[in-house]
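What would the 3D arrangement of this be:
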Amino acid sequence: MTQPADVRAGIVTRFLGPTNHRPARVAVSDNYHGDVRRIYVSWNDALNPTENHAAAARAWLAKFNPDAQLAMPGIDCGTGFAWTWGLPA
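Got it, this is the predicted structure:
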C-alpha cells in the first residue's frame, strides 16, 4: 500500500468487548479538535484483530475525512492501535 505524501493527525482505535446489550465493537476517536469525533464499528469475526482495527480506522476516515488515506500499519499500543492519516500526493 502506498503511504500518503502528507501525514496528518492521529486517531486511536480500541476494542470494546461484548456486553449484555451490545456486541463486540471497536471505538475510533481523535482528540485533536476540541470536540472528540468518535464512531463505533462492529467487530467482524472474519477478520483478525489488526484487520478489525484497520477497518474501523478506515470507517472513521470515510465519515470525517473521505479524501484521506490511512497510513499503515497502525501502532499497537497494548490497549488499542494508534493510526495516522494523510492526504494523497
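
Residue 61 contacts residue 68, doesn't it?
Yes. Using Cβ atoms under 8 Å, residue 61 is in contact with residue 68, at 5.0 Å. Using the backbone N, CA and C atoms, a C-beta is placed for each residue, glycine as well.

more crowded one of those two?
residue 68 (21 against 18; other Cβ atoms under 10 Å).

out of everything not next to it in sequence, what's closest to the more buried one?
residue 85 (4.5 Å; Cβ to Cβ, 6 or more residues apart in numbering).

got the CA coordinates for the helix or strand hosting the one you found in PDB?
Taking DSSP states H and E as the criterion, residue 85 maps to strand 81-87. The C-alpha trace of strand 81-87 is given here as PDB (Å, rounded to 0.1, in the frame of the first residue of the first chain):
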ATOM      1  CA  PHE A  81      -3.900   1.000  17.900                       C
ATOM      2  CA  ALA A  82      -2.700   4.400  17.000                       C
ATOM      3  CA  TRP A  83      -3.100   5.400  13.400                       C
ATOM      4  CA  THR A  84      -2.000   8.400  11.300                       C
ATOM      5  CA  TRP A  85      -3.600   9.500   8.100                       C
ATOM      6  CA  GLY A  86      -2.700  11.900   5.300                       C
ATOM      7  CA  LEU A  87      -3.900  13.400   2.000                       C
END
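
Which strand residues bridge residue 13?
Here residue 13 sits in beta bridges with residue 28, residue 81, as judged by DSSP bridges.

just use 18 as the starting number from now, easier for me
Taking 18 as the first residue, the last one we looked at is residue 30.

How much space separates the residue positioned nearest the centre of the chain from residue 56?
Nearest to the mean C-alpha position of the chain, by Cα atoms, centre = their mean, lies residue 74 at 2.1 Å. Distance, residue 74 to residue 56, using Cβ to Cβ, to the nearest Å: 10 Å.

shared neighbours, these two?
residue 45 (Cβ atoms under 8 Å, 6 or more residues apart in numbering).

how would you label residue 79: helix, strand or coil?
The three-state assignment at residue 79 reads helix, by DSSP: H, G, I helix; E, B strand; the rest coil.

where's the closest residue to residue 92 other than its chain neighbours relative to residue 41, distance?
Nearest residue to residue 92, sequence neighbours excluded (Cβ to Cβ, 6+ apart): residue 99, at 4.6 Å. Distance of residue 99 to residue 41, computed by Cβ to Cβ: 20 Å.
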